[in-house]
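>>> Below is the sequence, then the predicted model.
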Amino acid sequence: MTTDVDLTFVQPDRRPEVLRRILLAERFLREPGRRSAERFAAELGIGVAQFYNVVRSWRDTARPELLPGAAETRSRATSMSTTQLEIVDRIVADNPSMFAADMFPLIVVMAQTSGVPLPHRDTVVAHVRNSRPSFLPPGEWSDADVVVDHAVLDLPVVHDGTSTRPLATMAIDPVAGAVTGIVLSIGTPDAATTARALLRSLMFPSEVGHAMSRRHARVVVVARALEETNALIRPLAAAGVRLVPALVGAHGAGRHVEALLGDRPSGIRLRPRLVWATGDRRSTVGMRGGGRPMSRADAEGLVAARLVGPVVERRGCQQDQDHSSTLIAGLTAIVQAAGTGM
C-alpha cells in the first residue's frame with residue numbers, strides 16, 4: 001500500500017483523510033467493480049459517485065492536493081481579501097514565467113507560513129491567470145487571428161494493438177483566449193491534422209463569430225519544417241486567409257498551448273517535447289495514472305469536452321458565408337487527400 005505520498009501541498013488538518021482516500025482509491029484500482037466502490041465509499045463516509053471522482057482524480061493526476069476533499073476546509077469564496085491578493089501577487093511577481101497551476105503550491109506554502117486562509121484553488125488559479133503577464137515573446141501572438149500548436153498527451157490510446165500517447169493539434173483563438181478546435185492523431189504534425197483542427201474550429205456556433213470567418217485572417221501554424229504546412233497555403237489563400245509558418249526546433253512546440261492551458265489542464269498532462277517523437281518514445285509503458293487505453297475517437301471526445309472553449313464573441317468578426325464555404329471546401333480536400341477521417 002502507498003504510504004510515502006508527498007502531502008506537502010495538502011493542508012495539515014486534511015492529510016490523514018487525503019491519505020485514507022488515496023489508499024482506498026489504489027485498492028479500488030486493484031479490485032475494480034461496483035461492490036468494491038460501494039464498500040470503499042461506505043468506509044470513507046461518502047457517496048459512490050463521490051468515490052468514483054476520488055479514484056478518477058488520483059488515477060489521472062496522482063496529485064494529492066487535487067483530490068476531492070483535499071481542501072474542504074478552505075473557503076469557496078469567489079473574491080479575495082487584500083492580504084490574500086498580496087500573497088498571490090508576490091508569488092506571481094517572483095515567478096512571471098511559471099504556469100498558473102504550478103504557482104498554486106507555492107502560494108499555499110506562503111499562505112500557511114503567514115497564517116492566511118485561502119479561497120478555493122480555482123479562485124486562486126483564476127486570479128493568477130488573469131493577473132500574470134504573458135511570458136511568450138510579443139511577436140508570437142501579434143496579428144495572429146488563429147494559432148495552431150501541438151502537444152502530446154499523457155492519455156493511453158489504442159493503436160495497432162498497443163497503447164500509445166496521441167498527438168493533440170489545437171486551433172487557438174489568442175484574442176478570445178481559448179482552444180476552439182482540437183483533434184488527436186497518432187503520428188507527427190502534418191497538413192491534414194492541421195486542416196482537421198481548423199475545420200473543428202470552424203464548427204463553433206455562428207453566433208460566436210470565428211476569427212477565420214472573415215477575409216484577410218492570419219493563421220500561424222507551429223511547424224518543424226515547411227513540408228508540414230505547404231499543402232495548406234493554396235486552399236487558405238483561395239479563401240483570403242494568410243498562412244504563416246512558425247518554424248521551431250525539435251522541442252519548440254507546445255508553448256502556445258501551455259501558455260493558455262498550463263502543463264496539466266483538467267488533469268491531462270501535456271508532453272510538448274514528444275511532438276516529433278515516434279515509436280517507443282510515445283509508448284505509455286511506465287506512464288503513471290493513465291487509466292485503461294481507449295480508442296482515438298473516444299479520447300478525442302474526452303479531450304474536446306475538457307479543453308475546448310468557452311469562447312467569447314469577437315467584436316468585428318462578421319461571418320462571410322461564401323468565404324467560409326471556400327475555406328471549408330479547401331480544408332476538407334486536404335483531409336480527404338490524406339485519407340484521414342474528419
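Alright, I've got the coordinates.
>>> Hmm, Ala299 and Leu184 touching each other?
Yes - using C-beta atoms under 8 Å, Leu184 makes contact with Ala299 at a distance of 5.7 Å. Quick note: C-beta positions are derived from backbone N, CA and C, even for glycine.
>>> which neighbours do those two share?
Residues touching both Leu184 and Ala299 (C-beta atoms under 8 Å, 6 or more residues apart in numbering) are Leu153, Val157, Pro166.
>>> Mind pulling up the pLDDT for Ala299?
Ala299 carries a pLDDT value of 91.
>>> thinking it is in contact with Pro166, fair?
Yes - contact criterion C-beta under 8 Å: Ala299 and Pro166 qualify, at 6.2 Å.
>>> Which one of the two is surrounded by more residues?
Pro166 (23 against 20; other C-beta atoms under 10 Å).
>>> Flag every buried residue along stretch 41-56.
Applying a neighbour-count criterion of 16 or more other C-beta atoms under 10 Å, one finds Ala41, Leu44, Ile46, Phe51, Val54, Val55 buried in stretch 41-56.
>>> Grab the nearest non-local neighbour of the last one.
Spelled out, it's Val55. Of all residues not flanking Val55 in the chain, Ala25 sits nearest, at 4.6 Å (C-beta to C-beta, 6 or more residues apart in numbering).
>>> On the secondary structure side, give me the element for that neighbour.
helix 15-30 (DSSP states H and E).
>>> And the next helix or strand past that helix?
helix 34-44.
>>> as a whole number, average confidence for that next one?
Rounded mean pLDDT across helix 34-44 is 86.
>>> now do stretch 261-276
83.
>>> got the CA positions of the strand or helix carrying Val128 in PDB?
Assigned by DSSP H and E, Val128 belongs to helix 121-131. Extracted in PDB, the C-alpha atoms of helix 121-131 (Å, rounded to 0.1, in the frame of the first residue of the first chain):
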ATOM      1  CA  ARG A 121      -7.900  26.600  -5.600                       C
ATOM      2  CA  ASP A 122      -9.900  27.500  -8.700                       C
ATOM      3  CA  THR A 123     -10.400  31.100  -7.400                       C
ATOM      4  CA  VAL A 124      -6.600  31.400  -6.800                       C
ATOM      5  CA  VAL A 125      -5.600  29.900 -10.100                       C
ATOM      6  CA  ALA A 126      -8.100  32.100 -12.000                       C
ATOM      7  CA  HIS A 127      -6.700  35.200 -10.400                       C
ATOM      8  CA  VAL A 128      -3.100  34.200 -11.300                       C
ATOM      9  CA  ARG A 129      -4.100  33.600 -14.900                       C
ATOM     10  CA  ASN A 130      -5.800  36.900 -15.100                       C
ATOM     11  CA  SER A 131      -3.000  38.900 -13.500                       C
END
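>>> Show me which positions of that helix end up buried.
Arg121, Thr123, Val124, Val125, His127, Val128, Arg129.
>>> Switch the residues you listed over to a markdown table; also include pLDDT.
Shown next, in a markdown table, are these (pLDDT from 0 to 100):
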| residue | pLDDT |
| --- | --- |
| Arg121 | 82 |
| Thr123 | 82 |
| Val124 | 86 |
| Val125 | 78 |
| His127 | 79 |
| Val128 | 79 |
| Arg129 | 67 |
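>>> C-terminal to the helix or strand of the chain with the lowest mean pLDDT, what's the next element?
The weakest-scoring helix or strand in the chain, judged by mean pLDDT, DSSP states H and E, is helix 138-141 (a mean of 55). The helix or strand immediately downstream of helix 138-141 is strand 146-153, counting by DSSP H and E.
>>> Mind checking the pLDDT average for that following strand?
93.
>>> Surely the residue nearest to Val55 is in contact with Ala62?
No - counting by C-beta under 8 Å, Ala25 stays clear of Ala62, with 10.2 Å between them.
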